[in-house]
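Colleague: Quick one, fold the following:
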Amino acid sequence: MSNSAVGGGGGSVMDVLDRVIGLPGSSGGANSSSTGALGAKSFIPSKKFSGSKPGYVFRSSDLGTGYYLDEQQQHQQQDDDNRREKKRPRFEADDQNNEQRSVRFDASRDTTQLIPNVKRSSGRLTGSELLAQAEAQQSQQPTPIKTIHDLSSRGIQSSSTSFLKTLTKNQLLRAQHMDNPEKFMMNELALNDEIQQFNSVAVNMRSYSYLVQYEVMEGWLTCLNHENSDVAMSVVSVLVELMDPLLLQEQESGGEEDEEEEIEGLIMTPMERIDHMNALVTEFVTGGGLDLITSNLGRYDESVEEDAKGVEDVLTLVESLLDLDRAGVLQFDYSSSTTTEKEAGKEMNGSMKKMPSSIVSCICQKTTFLSWLFQRIEKSNDGDSDEATTIATDSSISPAVIKLHASEILSAILQHEDYSGQTNDGLCTLSSLPKYSSAFDDDDPDRKPAASSTEGENGTKQNTIDGMEILLLAIAAYRKQDPQVEVDCEFLENVFDALAASLLREDNVADFVDAEGIELMLRCLRQKVHAGGGALKVLNFALSGASSSANVYRTACETFVSAGGLKVIFPLYMSRKSANPCPAACSEGGSNLAKKGRKNGSSSSKRAKRAAQARKRWLVEIERNSINVMYALTRHISQDSKYDAHARLLVKFVEEECEKCDRTIELCLKYDEKARIAEYQYFRSDAAEEAEQLGVDIELAALDAKLRGGGDLFHRTCAILSFACVFSKRCHGHVRDQLKMKGSGITVIKEGLTEFAALLADGHQKSQIERFIAEI
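Modeller: Predicted coordinates:
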């Protein structure tokens with residue numbers, strides 16, 4: 001029966017094949033057969049075979065002879081339909097879900113890229129639609145960081161051309177589409193990539209001259225004035241990498257790689273590194289780079305993480321420039337940048353005298369960066385209550401970190417010889433600094449002004465800020481309490497260092513006295529807080545001075561006595577533990593480990609030993625500063641001083657059976673012995689032999705070692721004893737007796753004074769010492 005079904009006269013072989021493979025046959029397609037089979041009867045009676053019927057098979061069975069429904073073909077058709085249905089929802093779900101899928105393209109590269117879902121169109125896309133679709137996909141892919149692989153002259157020139165073209169195009173797009181940022185947004189992203197690629201130039205410092213030659217630095221200076229602050233921050237970030245002082249250090253040689261670099265000429269001598277660094281930094285400074293980065297500080301919002309990073313980069317760049325200047329790397333040459341003044345002749349000579357000779361003089365004369373530092377320190381005084389505690393938990397740059405960094409740079413600037421020197425033309429005093437100004441100021445009326453001076457109608461101080469007052473206010477916050485965290489402790493130390501360095505100038509000393517700075521320092525000492533250690537150092541600088549005109553320091557010493565300073569300084573001079581200021585618990589010298597290190601000795605840990613050494617240095621510094629303050633009082637206070645200061649000082653040495661004289665004798669002999677030991681050790685050291693081979697004066701080098709080892713304090717204690725002996729016969733007799741009991745004599749004091757006078761220049765101080773030698 002089956003053979004008749006296949007080869008019967010009513011059905012052809014092609015119809016059977018069509019039915020098997022599912023193609024439409026002569027009687028209908030596969031779809032129609034399945035549809036017909038589903039809707040037809042399960043049995044059609046027929047006594048004889050009358051041709052093939054789709055979906056049926058001719059046979060004899062329970063119902064008789066006829067056409068039966070083909071169940072096997074029906075089940076196979078249903079399985080195929082089910083498989084198609086299972087595949088279809090995958091694409092439908094992808095079209096409905098508009099999320100991106102991450103796919104790793106290369107297993108060797110541990111990178112993942114995002115593939116956006118693109119809506120599939122049933123029709124064909126046009127060329128413009130395909131281009132738009134490709135651009136959209138490319139904009140969503142992360143672009144690799146662009147670097148310069150060829151650091152030769154040709155490679156830098158090619159990169160410079162590309163960078164300058166992108167910058168010029170950006171300027172044109174901004175000018176044409178000022179109100180439509182979308183037109184130049186992609187171009188500025190490309191400009192940022194062009195700037196960042198120059199980070200790789202730091203590998204080979206020989207390329208620095210190419211950056212100047214092909215006007216890359218000129219383009220960077222233009223970008224520092226860009227309307228988009230992100231572009232300016234990118235430039236500062238690159239400059240931080242290129243001007244790192246660590247690049248000047250010699251690389252350790254050794255290995256096959258170093259030999260290959262030496263053959264290729266990549267290894268440079270220290271002088272070559274200095275020359276290339278000087279060329280780059282000089283172009284930056286003479287092109288007005290310091291003024292531009294100072295102006296950029298005015299548009300950064302420290303509450304935004306990116307802007308806070310920009311502020312930190314600016315501070316790091318200035319710090320690097322100060323380090324390079326301090327190391328003697330920078331030698332500014334203005335001859336190449338002032339061609340018009342060359343033709344002017346005499347005008348050139350006059351202008352060259354006004355040119356800054358260092359980074360510090362350029363900062364103080366050409367910018368308002370110093371004023372920004374003071375305003376940043378004052379801003380921190382408004383008080384972020386626990387801003388310092390967020391440093392350990394917050395990954396972003398904390399305001400306390402920026403405040404600390406600003407105080408470090410301020411201290412470094414004020415300690416520079418170009419500011420602290422007596423001949424500092426054009427450098428303002430702290431009490432009359434110009435207000436900070438920026439080209440990007442938005443004239444915000446709600447901005448809180450700094451401590452500005454607005455006295456008088458003549459307007460002499462209306463555009464200035466009082467830096468001295470800002471420093472004193474920063475110290476006053478800790479006059480009764482210790483810093484609670486290490487960051488605040490370091491900030492306080494930086495403020496004290498900055499204030500002490502500023503007092504090397506006489507005009508700042510006068511302002512310090514007028515602002516009642518001496519009274520504030522004495523209050524810190526009376527409270528015995530951590531600020532007392534720095535206050536004693538500031539008093540040392542405020543009362544001492546190397547100037548021949550001692551009127552300013554004399555007034556400061558008289559004010560010190562009038563404010564009750566003798567009651568504070570003499571207990572410290574006598575080394576009474578109850579009078580010593582205590583270091584804060586957050587400092588190394590004030591921690592509990594310092595006490596354990598002193599008690600346990602050699603059995604304590606290394607950390608405890610370091611803490612104990614820090615505590616010892618703290619006490620040594622207090623003793624040193626108290627001796628210097630005492631010598632300053634005996635030097636500047638005379639018999640005609642105000643407030644009866646001379647008599648009040650002399651009485652202190654006479655009272656209590658001349659115990660102050662006994663203490664001075666003890667210190668005098670102590671530091672005399674230390675100085676002699678230091679001198680002896682130097683002659684026995686290898687440094688003396690090396691100095692002799694180099695032709696250095698050994699006697700002069702030994703004298704330097706002697707003064708550092710305690711000779712300077714020995715000279716000053718001799719002068720203090722001479723003051724008491726010359727103006728008080730009772731003290732004179734007591735000193736003689738005590739020296740005789742200790743196996744010494746007044747000759748020790750005279751020899752110390754003679755050596756002291758030989759080291760001094762002609763002036764009031766030397767004449768006073770010579771008088772002591774004659775009368776003692």
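Colleague: CA only for contacts and neighbour counts going forward, please
Modeller: OK.
Colleague: which SSE is Ser295 in?
Modeller: Ser295 belongs to helix 289-296 when elements are defined using DSSP states H and E.
Colleague: Need the residues that contact the next helix or strand after that helix.
Modeller: With elements assigned by DSSP H and E, the helix or strand that comes after helix 289-296 is helix 305-326. Outside helix 305-326, the residues that touch it by Cα atoms under 8 Å, 6 or more residues apart in numbering are 233, 236-237, 239-240, 243-245, 293, 297, 300-302, 330, 358-360, 396-397, 402, 405-406, 409, 412-413.
Colleague: hey, C-alpha coordinates of helix 305-326 in PDB?
Modeller: Only the C-alpha atoms of helix 305-326 are listed here, as PDB (Å, rounded to 0.1, in the frame of the first residue of the first chain):
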ATOM      1  CA  GLU A 305      36.800  67.300  42.500                       C
ATOM      2  CA  GLU A 306      38.200  68.300  39.100                       C
ATOM      3  CA  ASP A 307      38.700  71.900  40.100                       C
ATOM      4  CA  ALA A 308      40.300  70.900  43.400                       C
ATOM      5  CA  LYS A 309      42.700  68.700  41.400                       C
ATOM      6  CA  GLY A 310      43.500  71.800  39.200                       C
ATOM      7  CA  VAL A 311      44.300  73.900  42.300                       C
ATOM      8  CA  GLU A 312      46.500  71.200  43.600                       C
ATOM      9  CA  ASP A 313      48.400  71.000  40.300                       C
ATOM     10  CA  VAL A 314      48.900  74.700  40.300                       C
ATOM     11  CA  LEU A 315      50.400  74.600  43.800                       C
ATOM     12  CA  THR A 316      52.600  71.600  42.800                       C
ATOM     13  CA  LEU A 317      53.800  73.500  39.700                       C
ATOM     14  CA  VAL A 318      54.800  76.600  41.800                       C
ATOM     15  CA  GLU A 319      56.500  74.300  44.300                       C
ATOM     16  CA  SER A 320      58.500  72.700  41.600                       C
ATOM     17  CA  LEU A 321      59.600  76.000  40.200                       C
ATOM     18  CA  LEU A 322      60.700  77.100  43.700                       C
ATOM     19  CA  ASP A 323      62.700  73.900  44.100                       C
ATOM     20  CA  LEU A 324      64.400  74.500  40.700                       C
ATOM     21  CA  ASP A 325      65.200  78.100  41.600                       C
ATOM     22  CA  ARG A 326      66.600  77.100  45.000                       C
END
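Colleague: if you average pLDDT over the helix or strand hosting Asn187, what comes out?
Modeller: With elements taken from DSSP H and E, the one containing Asn187 is helix 182-196. What helix 182-196 shows for mean pLDDT is 90.
Colleague: Run through the neighbouring helices and strands of it.
Modeller: Secondary-structure packing of helix 182-196 (3 or more Cα pairs under 8 Å, 6 or more residues apart in numbering; DSSP states H and E): helix 153-176, helix 229-242.
Colleague: before we move on, back to that, got the angle for the helix holding Ser295 vs helix 305-326?
Modeller: Angular relation of helix 289-296 and helix 305-326 on a 0 to 180 degree scale: 150 degrees, by axes from the mean of the first three to the mean of the last three Cα atoms, to 10 degrees.
Colleague: what's the angle from helix 289-296 to helix 229-242?
Modeller: Computed by the same axes, to 10 degrees, the angle between helix 289-296 and helix 229-242 is 140 degrees.
Colleague: List the contacts of helix 289-296.
Modeller: Helix 289-296 is contacted by residues 221, 224-225, 229, 232, 236, 284, 314, 363, 366-369, 437-440 when judged by Cα under 8 Å, 6+ apart.
Colleague: next helix or strand past the helix holding Asn187?
Modeller: Scanning onward from helix 182-196 (DSSP H and E), the first element met is helix 208-213.
Colleague: Packing partners of that next one?
Modeller: Counting contacts by 3+ Cα pairs under 8 Å, 6+ apart, the secondary-structure elements packed against helix 208-213 are helix 153-176, helix 270-286.
Colleague: backbone phi and psi for the residue nearest to Val513 when sequence neighbours are not counted, please?
Modeller: Leaving aside its chain neighbours, Val513 sits nearest to Ala556 (6.4 Å; criterion: Cα to Cα, 6 or more residues apart in numbering). Main-chain dihedrals, Ala556, degrees, to the nearest 10: phi -60, psi -40.
Colleague: Neighbours of Ala556, how many?
Modeller: Counted with other Cα atoms under 10 Å, residues neighbouring Ala556 total 25.
Colleague: Could you check how far the longest helix seen in the chain is from the centre of its chain?
Modeller: Longest helix in the chain by number of residues (criterion: DSSP state H): helix 645-684. A distance of 44 Å separates the centroid of the chain from that of helix 645-684, by Cα atoms, centre = their mean, to the nearest Å.
Colleague: Next, the buried residues of it.
Modeller: Neighbour-count burial for helix 645-684, with 16 or more other Cα atoms under 10 Å as criterion, is recorded at 645-646, 649-650, 652-654, 658-665, 667-669, 671-672, 674-676, 678-679, 682-683.
Colleague: thinking again about what came up before, can I get the helices and strands packed on helix 182-196 in a markdown table including mean neighbour count and distance to Gly763?
Modeller: Converted to a markdown table, the helices and strands packed on helix 182-196 look like this (neighbours: other Cα atoms under 10 Å; distance: least, Cα to Cα, whole Å):
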| stretch | mean neighbour count | distance to Gly763 |
| --- | --- | --- |
| helix 153-176 | 17 | 59 |
| helix 229-242 | 22 | 47 |
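Colleague: is it possible to export these to CSV including mean pLDDT?
Modeller: Converted to CSV, those look like this (pLDDT from 0 to 100):
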stretch, mean pLDDT
helix 153-176, 93
helix 229-242, 95
